[in-house]
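In: Here's my sequence, what's the structure:
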Amino acid sequence: MYVLIAAVVLIVLAAGFYIFSIIPDTSRQEECRKFTKWEYAHRGLFSQKDGVPENSLEAFRRAVLSGYAIELDVQLTRDKQLVVFHDDTLKRMCGENFRVSDLNYQELLEYPLENTEYKIPLFTDVLELVDGKVPLLVEIKLPHHQTTFICSVVNDQLRTYRGEYCIESFNPLVLKWYRDNCPVAIRGQLSTKFSSKDGLNGLLRFMAHHLMFNFLGRPDFISYHYLECNAFSYRLLRRLFHVPSMGWTVKSQRAYDKYKGEFDTFIFDSFIPEKE
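Out: I've put the predicted structure just below:
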């Protein structure tokens, strides 16, 4: 009998801890709706066919002209310049195996994006180009070995920006920084089903996949890989808390049509969404 009671108590405590860990901030759902009514061009409206690389000023200009909100990635150079670039290294986009964080900005300018005329832009240049015409979804790249200093740099540069923006990151410490230091900014937790290649142990991968670090940053919205929409925690957040959500990254009209009922909006690339 005592064993049964103890087991029930442990189950209740575990369930309570789980619910506590995944709860989002539900106080600003209406404010989130002004972001989820847009669709987001992933790293700008880039096109390899047209010679327009991802995260380039031209890709962002094309997104603005086409009326799409913009998802982009920011990280710091060695000299603490905030640049718009996705990968940790230049290998895929510039053909050189240097880490962005190991070069200063002037050195980065020596390596064009995909052998085009376009260079890795500063975040301030992107802000000047977009100028509030469409919302920005700013993904802050924060590898687990780095401090949250980048958050203060991003926040300083957005402080006087007159356009609408929200913040997202895979790293819950980014959301915690914003929760503690800039709580007015809308913040979103990025997640997916992680693999061992992501540098996390099995327990951390499990918790991140199931949004169990939400207790740190209490996100306003969830940005989830669209193929993982049946994950238990994501489903639970949608049903219990009606958390606003974005699906990433949809790359075809077929996928867009199939999964549009699972998310409030999408981050897309490689095609132009056809709306009903």
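
In: make it CA atoms for all contacts and neighbour counts henceforth
Out: Noted.

In: Return the list of helices and strands in contact with the longest helix seen in the chain.
Out: Secondary structure assigned by DSSP state H gives helix 2-22 as the longest helix of the chain. Using 3 or more CA pairs under 8 Å, 6 or more residues apart in numbering; DSSP states H and E, the elements in contact with helix 2-22 are helix 214-217.

In: now the helix it packs on: mean pLDDT?
Out: Across helix 214-217, the average pLDDT comes to 97.

In: Let the chain start at 652 from now.
Out: With the count now opening at 652, the last piece we talked about shows up as helix 865-868.

In: So which bits of the helix or strand just after it are buried?
Out: As assigned by DSSP states H and E, the chain's next helix or strand after helix 865-868 is strand 872-876. Applying a neighbour-count criterion of 16 or more other CA atoms under 10 Å, the buried positions in strand 872-876 are 872, 873, 874, 875, 876.

In: Direction included, what does strand 872-876 pair up with?
Out: strand 838-842 (parallel), strand 896-901 (parallel) (DSSP bridges).

In: Other residues contacting the next helix or strand after that strand?
Out: On the C-terminal side of strand 872-876, the closest following helix or strand by DSSP H and E is helix 883-887. The contact list for helix 883-887 (CA atoms under 8 Å, 6 or more residues apart in numbering) reads 673, 861, 862, 880.

In: From residue 821, how far off is the third one?
Out: Translated: residue 862. Look at residue 862 and residue 821: by CA to CA, to the nearest Å, they are 10 Å apart.

In: So for the two, which sits in the more crowded spot?
Out: residue 862 (27 against 20; other CA atoms under 10 Å).

In: my read: the more buried one touches residue 671, true?
Out: No. Residue 862 lies out of contact with residue 671 (CA atoms under 8 Å); the separation is 10.9 Å.

In: shared neighbours, residue 862 and residue 821?
Out: residue 842.

In: Low-confidence bits of this structure, can you list those?
Out: Scanning the chain for pLDDT under 70 picks out 657-660, 795-796, 926-927.

In: For it, just list every one of the strands.
Out: 691-693, 720-727, 733-735, 787-791, 816-820, 838-842, 872-876, 896-901, 916-919 (DSSP state E).

In: any chance of those in JSON lines, plus distance to residue 778?
Out: Formatted as JSON lines, the strands of the chain follow (distance: least, CA to CA, whole Å):
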{"stretch": "strand 691-693", "distance to residue 778": "16"}
{"stretch": "strand 720-727", "distance to residue 778": "11"}
{"stretch": "strand 733-735", "distance to residue 778": "11"}
{"stretch": "strand 787-791", "distance to residue 778": "9"}
{"stretch": "strand 816-820", "distance to residue 778": "10"}
{"stretch": "strand 838-842", "distance to residue 778": "19"}
{"stretch": "strand 872-876", "distance to residue 778": "22"}
{"stretch": "strand 896-901", "distance to residue 778": "22"}
{"stretch": "strand 916-919", "distance to residue 778": "19"}
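
In: which stretch among the ones you listed comes nearest residue 804?
Out: Closest of the strands of the chain to residue 804 is strand 733-735, at 7.4 Å (criterion: CA to CA).

In: rewinding a little: pick the one among the contacts of helix 883-887 closest to residue 738.
Out: Taking CA to CA as the measure, residue 738 lies nearest residue 862 of the contacts of helix 883-887, at 23.4 Å.

In: For the closest one, give me its contacts.
Out: 672, 673, 842, 884, 885.

In: Now do the contacts for the first one.
Out: Contacts of residue 672 were listed using CA under 8 Å, 6+ apart, and they are 862, 863, 864, 865, 866.

In: Give me the nearest residue to residue 826, chain neighbours excluded.
Out: Spatial nearest neighbour of residue 826, chain neighbours left out: residue 868 (4.4 Å); criterion: CA to CA, 6 or more residues apart in numbering.

In: Touching, that neighbour and residue 834? I think so.
Out: No. If you go by CA under 8 Å, residue 868 and residue 834 don't touch, sitting 9.9 Å apart.

In: Among these two, which residue is more densely surrounded?
Out: Neighbours were counted for residue 868 and for residue 834 using other CA under 10 Å; residue 868 has more, 24 against 13.
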